[in-house]
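Colleague: Requesting a structural model of the entry that follows:
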Amino acid sequence: MNIPLVDLDRVQDSIENARGMPNRYYTDLDAYAEERDALFADQWACAAFASDVPEPGCVYPVQLAGMPLLVVRDKQDTIRVFHNVCSHRGVKLAEQPEKLAGMLCCPYHSWTYDLTGKLIATPHVGGVGQHKVEGLACEEHGLKEIRSTIWMGLIFVDLTGKAGEFEDRLAALYARWDEFFPSRQYDMLEADPESGSWELELNCNWKLAVENYCEAYHLPWIHPALNTYSKLEDHYNIVDESFSGQGSHAYRLSDFEGYKLPTLPGWPESRQQNAEYISLYPNVLLGLQADHAFAMILLPQGPEKTIERLRLYYMPGVVGQSETATARQSVLDAWQEVFTEDVGVVEAMQRGRHSPGFDGGKFSPVMDPPTHAFHKWVAKKLQQHHEDAR
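Modeller: Numbers count the residues shown, from 1 in each chain. Prediction:
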């Protein structure tokens, strides 16, 4: 695809002069494929939650920017991610989440794999009753495993193996959040998959969900209830090279709903009402409050469709307890309301991206620095991809 790079140069201009990403990156299949390679393949992207495969034998298929992946928890309790295709004819191995009694079996010719990816059986491959054939070494044709790691109950993948060390990817975020979570023990937080999860399908490009999440500018008009306990004037911008978002000096949901939950260890007493909402590029939205956290995975399903998956997290001893059920339901209800209110506006932005009268948009130098930072990151990665391809 021949891209006029001047369009990407203007995105990276100063915020006073910049324009947003061109429309084709929200509507065009070729641009969507280009983003898959430039934004999702060469860096850590999020595929699923660890709680999607709660027990050994569980498998969870996921579609990430057009790529069929398969998350498994093997018999040794290790979570692995594979390309979800049989080595024989490329058939998808799993279409639905399930718990296997045994191994992965291809529905086409019954080639069979264990949950470490090894090819175990190739029935009739050499003719009827002949299950081996010269020249086919099973050890060379197992499932293609993808480098993966788990952080805060999120499964991140490095599709090309070029993403560097995951800890380096989080270094800037750690530096920012050390004041709130000095121990950095994010994995101590317990996910609430039963009563703290939610999934939503949006008729919009995945980037619009990121852009909307980055800024607080829209609160008074789109989130009137949220604006009563976390007002626009209480918010501030967060901008970094690999993430951006907004924070609130006065997040008061617990006061508003009248519940009390245990808070994170080390959270400063002076900042109990502080909350931060960060888009960790490319596709994770994080929320950190004193008494709970959440993560949302954005799974692009095409240039104009996105699946959002939310998971809430609490301190140990909160999840599954009857005495915290009302509080946890209040938290879930509040975030469901907020994210549902966003649907109409992000889908309206998607429809607007089909207008030749829209040139990518203007940024407010005061209210839009987080959104502009995301646009700049996207444009820079796309330009790097073009340079590497030369």
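Colleague: which residues touch residue 227?
Modeller: By CB atoms under 8 Å, 6 or more residues apart in numbering, the contact set of residue 227 is 219-220. (Glycine included, C-beta is placed from N, CA and C.)
Colleague: That one is in what secondary structure piece?
Modeller: Element membership for residue 227 (DSSP states H and E) is helix 226-229.
Colleague: Within its sheet, name the partner strands of whichever helix or strand comes after that helix and how each one runs.
Modeller: Once helix 226-229 ends, the next helix or strand along the chain (criterion: DSSP H and E) is strand 235-239. Strand pairing for strand 235-239, determined by DSSP bridges: strand 243-248 (antiparallel).
Colleague: how much distance is there from the strand it pairs with to the middle of the chain?
Modeller: Here strand 243-248 is found 16 Å from its chain centre; the criterion is CA atoms, centre = their mean, to the nearest Å.
Colleague: Can you show me the CA trace of that strand as CSV?
Modeller: Written as CSV, here are the backbone C-alpha positions of strand 243-248 (Å, rounded to 0.1, in the frame of the first residue of the first chain):
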residue,chain,number,x,y,z
PHE,A,243,1.0,5.4,27.3
SER,A,244,-1.3,8.3,28.0
GLY,A,245,-4.5,9.0,29.8
GLN,A,246,-6.0,11.0,32.6
GLY,A,247,-6.3,11.0,36.3
SER,A,248,-8.7,12.3,38.9
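Colleague: any idea of the mean pLDDT in it?
Modeller: What strand 243-248 shows for mean pLDDT is 97.
Colleague: Which parts of the stretch 201-350 of the chain are strands?
Modeller: 235-239, 243-248, 275-280, 284-288, 293-302, 305-314 (DSSP state E, counting those that start in this stretch).
Colleague: One more: the stretch 51-200 of the chain?
Modeller: 58-64, 67-73, 79-83, 98-99, 104-105, 112-113, 119-121, 145-151, 154-158, 190-191, 197-202.
Colleague: so where's the stretch 101-250 of the chain shaky on pLDDT?
Modeller: Low-confidence segments of the stretch 101-250 of the chain, defined by pLDDT under 70: 124-126, 129-131.
Colleague: tally of neighbours for residue 298?
Modeller: 24 (other CB atoms under 10 Å).
Colleague: and the gap between the nearest residue to it once chain neighbours are set aside and residue 306?
Modeller: Closest residue to residue 298 apart from its sequence neighbours, by CB to CB, 6 or more residues apart in numbering: residue 283 at 4.3 Å. Relative to residue 306, residue 283 is positioned 9 Å away (CB to CB, to the nearest Å).
Colleague: between the two, what contacts are shared?
Modeller: With CB under 8 Å, 6+ apart as the test, residue 283 and residue 306 both reach 206, 298-300.
Colleague: May I see those arranged in a markdown table, with distance to residue 190 as well?
Modeller: Listed next are the shared contacts of residue 283 and residue 306 as a markdown table, based on distance: CB to CB, whole Å:
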| residue | distance to residue 190 |
| --- | --- |
| 206 | 28 |
| 298 | 23 |
| 299 | 23 |
| 300 | 28 |
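Colleague: between those residues, which is closest to residue 80?
Modeller: Of all those, residue 299 has the smallest distance to residue 80: 19.0 Å, by CB to CB.
Colleague: picking that back up, the strands of the stretch 201-350 of the chain: which one's closest to residue 390?
Modeller: Nearest to residue 390 among the strands of the stretch 201-350 of the chain is strand 293-302; the distance by CB to CB comes to 26.0 Å.
Colleague: Give me the helices and strands touching the closest one, please.
Modeller: Helices and strands touching strand 293-302, by 3 or more CB pairs under 8 Å, 6 or more residues apart in numbering; DSSP states H and E, are helix 29-35, strand 45-49, strand 58-64, helix 206-214, strand 284-288, strand 305-314.
Colleague: And it, what's buried?
Modeller: Residues 293-301 are the ones in strand 293-302 that count as buried (16 or more other CB atoms under 10 Å).
Colleague: show me the contacts for the spatially most central residue of the chain.
Modeller: Residue closest to the mean C-alpha point of the chain, counted by CA atoms, centre = their mean, is residue 297 at 2.8 Å. Residues near residue 297 by CB under 8 Å, 6+ apart: 46-49, 154, 283-284, 308-309.
Colleague: try 7 Å this time
Modeller: Shown in contact with residue 297 (CB atoms under 7 Å, 6 or more residues apart in numbering): 46, 283-284, 309.
Colleague: Just put those in JSON lines and tack on distance to residue 57 and pLDDT.
Modeller: As requested, these are exported to JSON lines (distance: CB to CB, whole Å; pLDDT from 0 to 100):
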{"residue": "46", "distance to residue 57": "23", "pLDDT": "98"}
{"residue": "283", "distance to residue 57": "28", "pLDDT": "98"}
{"residue": "284", "distance to residue 57": "27", "pLDDT": "98"}
{"residue": "309", "distance to residue 57": "22", "pLDDT": "98"}
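Colleague: Map the structural domains onto the sequence of this structure.
Modeller: 46-150, 167-385 (automatic domain parsing).
Colleague: Now do the end-to-end distance for the shortest one.
Modeller: With CA to CA, to the nearest Å as the measure, the ends of domain 46-150 fall 9 Å from one another.
Colleague: Centre of the chain to that domain, how far?
Modeller: The chain centroid and the centroid of domain 46-150 are separated by 23 Å, computed with CA atoms, centre = their mean.
Colleague: And for stretch 189-205?
Modeller: Taking the mean of its C-alpha atoms, stretch 189-205 sits 11 Å from the chain's own mean (CA atoms, centre = their mean).
Colleague: repeat for stretch 250-259
Modeller: On CA atoms, centre = their mean, the centre of stretch 250-259 falls 27 Å from that of its chain.
Colleague: end-to-end on it?
Modeller: The first and final residues of stretch 250-259 sit 16 Å from each other (CA to CA).
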